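Student: Sequence and predicted structure, then a few things I'm wondering about:
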Amino acid sequence: MCMLLFDSSIRMRSQPMQSSAQMQVDLPAVIEIQTTGEMNGRTRLYEKHLGDMSGVYLDTEQYEQAVAESGPDTLIYFVNEHKYQDGPGALIVGTSTLLPGKVGDEFAVTRGHLHATANRAELYHCLSGHGVMMLETASGEVSTVELTPGKAVNVPGHWIHRSVNVGTEPFVTLFCYAADAGQNYDIIADAGGMKTMIIDDGAGSWTAVPNPRHTGYEG
Ligand SMILES: O=P(O)(O)OC[C@H]1O[C@H](O)[C@H](O)[C@@H](O)[C@@H]1O
Ligand SMILES: [Fe+2]
C-alpha cells in the first residue's frame, strides 16, 4: 500500500512541464468599437430598462411616474462586451452606453457595483458624451470623476463604481477589467443606495449631494 502511494507521487513529479506550444491558447480577437458604443465582434449584449431600475433613485414617486408615462421597457443603458473565457488572466472589454435623462433631480445612472472579487480593477475611457464616474469605498471614501471624450479613469480594486450621465447625449465608455471579477450589486442595495447622488444643480451643471437614505456600507 505504502509503495503504491510512493510510486504514484513519483510519477506525478516526473511528468514533463507543459510547454506553451502544447497549451490551449485563446486566439487574438479583433473588435471594432464605435464612439456610439456599437461593437463589432461582441460576445454579449445586454440592456437595462426603466423597469429594472426600481429602488435605484431616491425619488420613488418620480420613478413610478416615469414608469407609468414612458413604460417599463424604456431603454436606460446597454452594454456590449467581448470575452474569450472567464479567466483567471482573461480580460472583458466592452462599452457601456447610458442614455441621458433624470428622475426628479437625479441624473440617469447605471446600477453600480463592487466587483465580487473586490480587488479587481477596471479602466473606463470616455468615448462620447458627458458623465461622472461615482466611486466609493466600503469604509466611506468618495470620489467623483468627470468624464468627457478622451478622459479615462483607472479604478483600483475595492471601489464601488457607477456611471452617471450628466449631459444631453448618450454617455459612452470603453471599459476593461478582469474576466473573473464578477459583480456584487447587493452592497449598494443593502446600504440604501450609494453615499452620494449626482443631481441637477439648477444652473446647467451637476453637483454631488449626500443620499439621505444611505445607511453606510459596513453596518
Ligand atoms: O453592471 P452595472 O452596474 O449595471 O453597469 C453596467 C456596466 O457598466 C460598466 O461599464 C461595467 O464595467 C460593466 O461590467 C457593467 O456591467
Ligand atoms: Fe465594474
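Tutor: Okay, I see it. Ligands and ions are numbered 1, 2, ... in the order given.
Student: contacting residues for residue 189?
Tutor: By CB atoms under 8 Å, 6 or more residues apart in numbering, the contact set of residue 189 is residue 55. C-beta here means a position set from N, CA and C on the backbone, and glycine is covered the same way.
Student: Helix or strand: which one has it?
Tutor: Using DSSP states H and E, residue 189 falls within helix 186-190.
Student: avg pLDDT for the helix or strand just after that helix?
Tutor: Following helix 186-190 in sequence order, the next helix or strand is strand 196-200 (DSSP H and E). Confidence for strand 196-200, expressed as mean pLDDT, is 98.
Student: Give me the helices and strands touching strand 196-200, please.
Tutor: Judged by 3 or more CB pairs under 8 Å, 6 or more residues apart in numbering; DSSP states H and E, the packing partners of strand 196-200 are strand 106-109, strand 131-136, strand 142-147, strand 206-210.
Student: Pull out the buried positions in the helix holding residue 189.
Tutor: For helix 186-190, burial by neighbour count (16 or more other CB atoms under 10 Å) applies to 187-188.
Student: got the residues of the chain near ligand 1?
Tutor: Selection of the chain residues close to ligand 1 by CB under 6 Å from any ligand atom yields 79, 96, 110-113, 122, 173, 175, 177, 183.
Student: Mind doing that once more with 5 Å?
Tutor: Residues of the chain lying close to ligand 1 by CB under 5 Å from any ligand atom are 79, 96, 110-113, 175.
Student: got a markdown table for those, with pLDDT too?
Tutor: As requested, those are exported to a markdown table (pLDDT from 0 to 100):
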| residue | pLDDT |
| --- | --- |
| 79 | 98 |
| 96 | 98 |
| 110 | 98 |
| 111 | 97 |
| 112 | 98 |
| 113 | 98 |
| 175 | 98 |
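Student: In the residues you listed, find the pair that's most separated.
Tutor: The two members of the residues of the chain next to ligand 1 with the most space between them (CB to CB) are 111 and 175, at 14.3 Å.
Student: Check the burial of the nearest residue to residue 71 once chain neighbours are set aside by counting its neighbours.
Tutor: Leaving aside its sequence neighbours, residue 71 sits nearest to residue 50 (CB to CB, 6 or more residues apart in numbering; 7.2 Å). Using other CB atoms under 10 Å, residue 50 has 20 neighbouring residues.
Student: which residues touch residue 157?
Tutor: Contact analysis of residue 157 by CB under 8 Å, 6+ apart lists 115, 118-121.
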